[in-house]
Each structure stands twice: as structure tokens, then as C-alpha cells.
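>>> A predicted structure for the sequence below; I have some questions about it.
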Amino acid sequence: MKLSRVSIFFMIALTLLFVSGQMIAQQGPPAIWTPVLNQVGQSSIASGNYYYAGGSSSNSILDTDLAGIRPVQNFLSFASNLSLPAAGGPVNCNGTKNFPVAFIESNKGSGITGLKFEGVFTSFTPLNQLSGNIFESVFFNENQCYGANGLGGNDESNANGREYGFFLATFDNSIWVYWGTNENNYGEVQAQLQLPTNVSANDEYTFQIYPTGNASSCGFQVSVTNISGVSIYNSWLSVDSNNFSTPGAQPTITAEDSGFCGAVTSPSGETGYVSANIEPASATVSGQLPQPTTLYLYLPSVFIGQN
């Protein structure tokens, strides 16, 4: 869910997912879950870059960790009582945004076979405080840059903007799992599925997603557990289920990107970046934001899977 993404599909039916009459053979979870964004001053995935833009302030902290993001440790938010639309600021390597964002992106990592994080997607009521939608997202992506205003090229060799993770939409405080290719670029195809309503905003969970299968066919194992370790959601989802394509793109992820399954299920893992952000859906979102303690993304810890 990159910074330039400006639209989303809200109404998706929850379905039982099958693949041509046979289920893909399931791999187990990654052998190791390695904590990331947990150290300061590292050039590796143990550190990352934090960007804050909103109101009259534009700030960044390089090679920091989750505890170093502001205004409170492990806490992504906008400026207090910010009125939208508002000015943005410098974000990563694609210049500036004309609407405010706050995000942390890890440095490059390798051998990545999944994403897990503890966190709270926190939102507010009443929802009619705003005209438009705000996203809170946590995800893995192959590319460091988010594309120049959504139309940029790939910045990593052998990368195709492949991405997977979770997001909250403040439109109705729903939480979604998603994955896609060519994210925020020409030929984008994204899958997204709303999680059941018992996975709710303002509650803390452990979210987990990892690809299974092989270069020919694949999918994602998705699970959510509460802070007591009780399973709230656990399902396997086909890569080509719930796909939506941009104009000019093929209708499914694997039709648009024949290398998708091979990349995400590679025994040696993926190379890329782990990110978290909070952002308006576009520069046209309007209204008065509540206090940061009402609208924020809380991330105590983030992990990458490794074989």
C-alpha cells in the first residue's frame, strides 16, 4: 500500500477460495521470524528511515528503529488537529508529496519469506469527521522507492513492485489483507480481502502473512491472533483470488507478472523492504483530524520470515 495509492475497492464478497479443483500443497511457516527495525544506526534491515510530513513540519530520521518514531515510541501519526487537505513534505527517494504522510521504511533485507507484526490499527469515530479515506498499512515490498507520483520505474534489479501486507481503511474502519504486483506503477494488479469483523480496529493482534507454493502456483497463508495467542483468523488464499487490475493491465496477478510466484516462494527468499505508513487516500481528503492519540498506527514489533 504505497504512498501514491489513491483509490481502493471497498465491497468485496468473502468467499471460500479454491484453485482449479485442487489445493496447492502447503508449506509450513518460515523456520525463523527475525525482528527488524529494532536497532538504531544500522545499514541493514535492523534499521530504517522515518518520514513525517504534516501541517507546517517536515522531518526525517535516518537509520532509526520503531522506538525512535515520533511523537511517541512505536507510534505513527499525523500532526495534532491537522486540517486536510494539507501540505506534504519530503518522502524517501521520489521527491515530495502534496498531501501529508507518516511512514517508516526499513533498509534493504534479503532472504525474506514472510511478514509478521504485532500492532494496533487505531481509528476514530464518528467516521463523518472526514470526507474521504485514510489508510494505515504494514507491508513488504521489493522496491525501496514508491514510484514517482505513482508512475515511477522499478528501483531494484529483478524487482517488480511485488508487495504483501495488511491495511486499515478509515472509511469504515475495516481491516484488509492484500498482495499485488507493479504496485503504484503501470500494470498494477492488486488482490485484497476484507478480514472478518472480529478482527477490529483499536484492538491489538499479531498479524502474519507468508507465501506458499512454487513458481507454477502459489498463495498466501494469513493468520491473526489476539494478545492471548488465540486464533481469530487463519486462512489460505490463492494468489489470483480477489484480483483487481488497473486500466491496461492483465486481469490477474500471475497473468500480468509471470514471475510473481517464483519470486515470492523462492527457497532463498525475497530481497526488499518492510514499511509502515499512515496517509490520506489522496490530496482531496478533507476535514479536521483528531488528536494523534485517536488516529495512529502502533507497532511494538515487526518480523521477517526466513527459511
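Structure received. Residues are numbered from 1 along each chain as shown.
>>> wait, residue 297 touches residue 121, no?
Yes: with contacts counted by Cβ atoms under 8 Å, residue 297 reaches residue 121, the gap being 6.3 Å. In this view, the C-beta of every residue, glycine as well, is placed from N, C-alpha and C.
>>> now list whatever residues contact both of these two.
136, 168 (Cβ atoms under 8 Å, 6 or more residues apart in numbering).
>>> give me every residue that touches residue 243.
Residue 243 touches 189, 190, 191, 251, 252, 253, counting by Cβ under 8 Å, 6+ apart.
>>> if you rank the residues you listed by neighbours, which is first?
Tallying neighbours with other Cβ atoms under 10 Å puts residue 253 at the head of the contacts of residue 243, with 27 neighbours.
>>> ok, now how distant is that one from residue 69?
With distances taken as Cβ to Cβ, to the nearest Å, residue 253 is found 31 Å from residue 69.
>>> same deal with residue 302?
Where residue 69 is concerned, residue 302 sits at a distance of 12 Å (Cβ to Cβ).
>>> comparing those two, which shows the higher neighbour count?
residue 302 (29 against 25).
>>> what sits against the nearest residue to that one once chain neighbours are set aside?
Take residue 302 and drop its neighbours on the chain: the residue closest to it by Cβ to Cβ, 6 or more residues apart in numbering is residue 117, 4.3 Å away. Listed by Cβ under 8 Å, 6+ apart, the contact partners of residue 117 are 138, 206, 207, 276, 299, 301, 302, 303.
>>> now do residue 264
162, 164, 211, 218, 270.
>>> dump those residues to a markdown table, plus distance to residue 235.
Converted to a markdown table, these look like this (distance: Cβ to Cβ, whole Å):
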| residue | distance to residue 235 |
| --- | --- |
| 162 | 21 |
| 164 | 14 |
| 211 | 14 |
| 218 | 15 |
| 270 | 22 |
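>>> those residues in strands, which ones?
When the contacts of residue 264 are checked against strands (DSSP state E), the matches are 164, 211, 218, 270.
>>> residue contacts, the residue nearest to the first one when sequence neighbours are not counted?
Counting by Cβ to Cβ, 6+ apart, residue 179 is the residue found nearest to residue 164 once chain neighbours are left out, at 3.7 Å. Residues in contact with residue 179, defined by Cβ under 8 Å, 6+ apart, are 162, 163, 164, 165, 190, 191, 209, 220, 239, 253.
>>> do the same with residue 99
84, 85, 86, 87, 88, 279, 280, 282, 283, 285.
>>> go again with 6 Å.
88, 280, 283 (Cβ atoms under 6 Å, 6 or more residues apart in numbering).
>>> give me the number of residues near the first one?
When you say that, I think you mean residue 88. Neighbour tally, residue 88, other Cβ under 10 Å: 21.
>>> please apply the same query to the last one.
When neighbours are defined as other Cβ under 10 Å, residue 283 has 17 of them.
>>> which neighbouring elements make contact with the least confident helix or strand in the chain by mean pLDDT?
None of the helices or strands of the chain scores lower by mean pLDDT, DSSP states H and E than strand 57-64, at a mean of 78. Packing contacts for strand 57-64, counted by 3 or more Cβ pairs under 6 Å, 6 or more residues apart in numbering; DSSP states H and E, involve strand 48-54.
>>> and the strand it packs on, which strands flank it?
strand 57-64 (antiparallel), strand 102-106 (antiparallel) (DSSP bridges).
>>> okay, those strands, which one's buried deepest?
strand 102-106 (a mean of 25; mean count of other Cβ atoms under 10 Å).
>>> rewinding a little: just after the least confident helix or strand of the chain, pick out the following helix or strand.
Sequence order places strand 75-76 as the next helix or strand after strand 57-64, per DSSP states H and E.
>>> C-terminal to that following strand, what's the next element?
Trace forward from strand 75-76 with DSSP H and E and the next one is strand 83-84.
>>> what residues does that following strand touch?
285, 286, 287, 288.
>>> pLDDT value on residue 54, please?
pLDDT, residue 54: 59.
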